[in-house]
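1. Sharing a model prediction with you, sequence too.
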Amino acid sequence: MSIKLGCIADDFTGATDLANNLVQAGLRVLQAIGVPSRPLSTDVDAVVIALKSRTTPSGEAIADSLAALQWLQAQGARQIYFKYCSTFDSTEEGNIGPVTEALMDALDTDFTIATPAFPDNKRTVFNGYLFVGDVLLHESGMQNHPLTPMTDPNLVRVMQSQCKRKVGLIDYSVVRQGAPAVQQHMNLLRSEGVNIAIVDALSNQDLINIGPALKHLPLLTAGSGVAIGLPQNFGIAPSSQASALPAPRGARAIVSGSCSIATNAQVAAFIKAGHAAFALDPEEVAAGSDVVGRILAQALPLLQNGPVLVYSTAASAAVKAVQARLGVAEAGAMTENAIASIARGLVEGGVGQLIVAGGETSGACVQALGISQLQIGSQIDPGVPWCHAHTTVHGNDSIHIALKSGNFGTEDFFEKAFDAARVQESSHA
Ligand SMILES: Nc1ncnc2c1ncn2[C@@H]1O[C@H](COP(=O)(O)OP(=O)(O)O)[C@@H](O)[C@H]1O
Ligand SMILES: O=C(O)[C@@H](O)C(=O)COP(=O)(O)O
């Protein structure tokens, strides 16, 4: 069994986002949580390995990514895709640059591209500047991200600050001419000693147009958008046929550790609609009180009445105050662990349809639930599909789970997601 595309994603929501785009583009995809311990036993076109390497020390991120690469190569992957965030989330150290360069070394390649463009979610790149909706990255709210504040929208500058190799640009005047011009420009950049090129893209059509120019690159680095231009290179025709998941069952819950503007609005809308909701205060967790036990004791009896939300989601001023008192990494890890324990407790208590909001938060929750693989189902909003997974939770060994990236989804995302699951439930009845 040999795969066409081997993908390494730096977080778990990002991995389902990429898997979703590949499925939409017609590929058969398996999503693994961490590097699988065994060779592949299903016939698929692509494997996406989800790592939790976006904010770890770069040495750790490199080691994890190289282990993923080795496994993907052993499964015959013809091309490697390093997936990072469409808002280019990185710490000062990286990890986008250091991981890209380690993969280039391991693959012995002197050229790759870098583009987070994801037009379906309004992430576009023009003259190397990243826009989120109508504004530049550093005005989009991402400047206040709890772990990866993004203060510079110029991707050539950001990537160069993380890389030893020379970073250049394939700008829109080239991209709009299509694959042959992109190919020619890559050769020009190569001859000028550039090894990594940021690529402009404003629309899905741009990404589809540049696809053929990427065919022979051993390594691609990108958000999930570039995926839509790749199936043609493997002789696969686009088909938006996601595989049918088993019928959803069990109670419904949401856990949210994302503090993005989008998630804040989604949490507020869900509470306003009158659903049960419990706020988790990181400072209470830090003070040693049994916040997890208390919230579970209050939330579990309410599940029979409808979906329940548990959230640490807060506005940026509140997050900064907590971080000032507890430390950035400590506040993050402590909150993630508490939410992950709550997710496990909810699933033990009968939740079979779980939404997790936040990338790092999803990593912690998926690990706490003992999930090792995800089957990708239909898309709820761009970048977020329902998935099905086996868990190690006693009494609830399989669940439906949606990993919502912080900035994705409309304001009514939570209700919309459960409505979509309800439609699936009735179509199985
Ligand atoms: N109230 C809070 N105060 C401080 N940190 C928080 C709070 N709520 C969540 N966090 C942390 O903020 C980070 C949010 O990151 P993540 O889950 O990746 O969300 P997003 O997808 O929006 O980036 C996590 O580490 C989470 O534990
Ligand atoms: O590319 C994206 O924007 C997402 O797939 C992603 O990686 C989001 O990360 P979080 O915002 O941390 O969930």
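-> Here it is on my side, so go on. Numbering: from 1, shown residues only. Ligands and ions are numbered 1, 2, ... in the order given.

2. Wasn't I3 part of a helix?
-> No - under DSSP: H, G, I helix; E, B strand; the rest coil, I3 sits outside any helix and is assigned coil.

3. OK, contacts around the residue of the chain found nearest ligand 2?
-> In the chain, no residue comes nearer to ligand 2 than G359, which is 2.5 Å away by Cβ to the nearest ligand atom. Just so you know, the C-beta spots here come from the backbone N, C-alpha and C atoms, and that holds for glycine as well. G359 is in contact with D11, F12, T13, G14, R54, C85, S258, L403, S405, G406, counting by Cβ atoms under 8 Å, 6 or more residues apart in numbering.

4. residue contacts, Y81?
-> L5, G6, C7, I8, L18, L219, L220, T221, A222, V226, A227, L230.

5. Let's see which of those residues end up in strands.
-> In strands, judged by DSSP state E, the following of the contacts of Y81 are found: L5, G6, C7, I8, L219, L220, T221, A222.

6. was I right about the fourth one contacting Q70?
-> Just to be clear, that refers to I8. No - in this structure, I8 is not within contact of Q70 by Cβ atoms under 8 Å, at 10.8 Å.

7. With neighbour numbers in mind, choose between the two.
-> I8 (30 against 11; other Cβ atoms under 10 Å).

8. and the more buried one, how far is that from A276?
-> 38 Å (Cβ to Cβ, to the nearest Å).

9. Report whether the longest helix along the chain contacts ligand 1.
-> In the chain, ranked by residue count with DSSP state H as the criterion, the top helix is helix 328-348. Yes - using Cβ under 6 Å from any ligand atom, helix 328-348 reaches ligand 1 at A331, G332, T335, E336.

10. Can you get me a residue count around the last one?
-> Translated: E336. E336, neighbours per other Cβ under 10 Å, totals 23.

11. quick one, what contacts the closest residue to it other than its chain neighbours?
-> Ranked by Cβ to Cβ, 6 or more residues apart in numbering and with sequence neighbours excluded, the top spatial neighbour of E336 is A364, at 3.9 Å. Contacts for A364 (Cβ under 8 Å, 6+ apart) come out as K52, G257, E336, N337, I339, A340.

12. for the one helix or strand Q184 maps to, packing partners?
-> Assessed by DSSP states H and E, Q184 sits inside helix 179-191. With contacts taken as 3 or more Cβ pairs under 8 Å, 6 or more residues apart in numbering; DSSP states H and E, helix 179-191 sits against strand 167-170, helix 172-175, strand 196-199, helix 204-210.

13. and the second one, which residues are buried?
-> Along helix 172-175, these residues count as buried under the neighbour rule (16 or more other Cβ atoms under 10 Å): Y172, V174, V175.

14. Kindly reformat those as JSON lines and extend each row with distance to ligand 2.
-> Below are those laid out as JSON lines (distance: Cβ to the nearest ligand atom, whole Å):
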{"residue": "Y172", "distance to ligand 2": "21"}
{"residue": "V174", "distance to ligand 2": "24"}
{"residue": "V175", "distance to ligand 2": "20"}
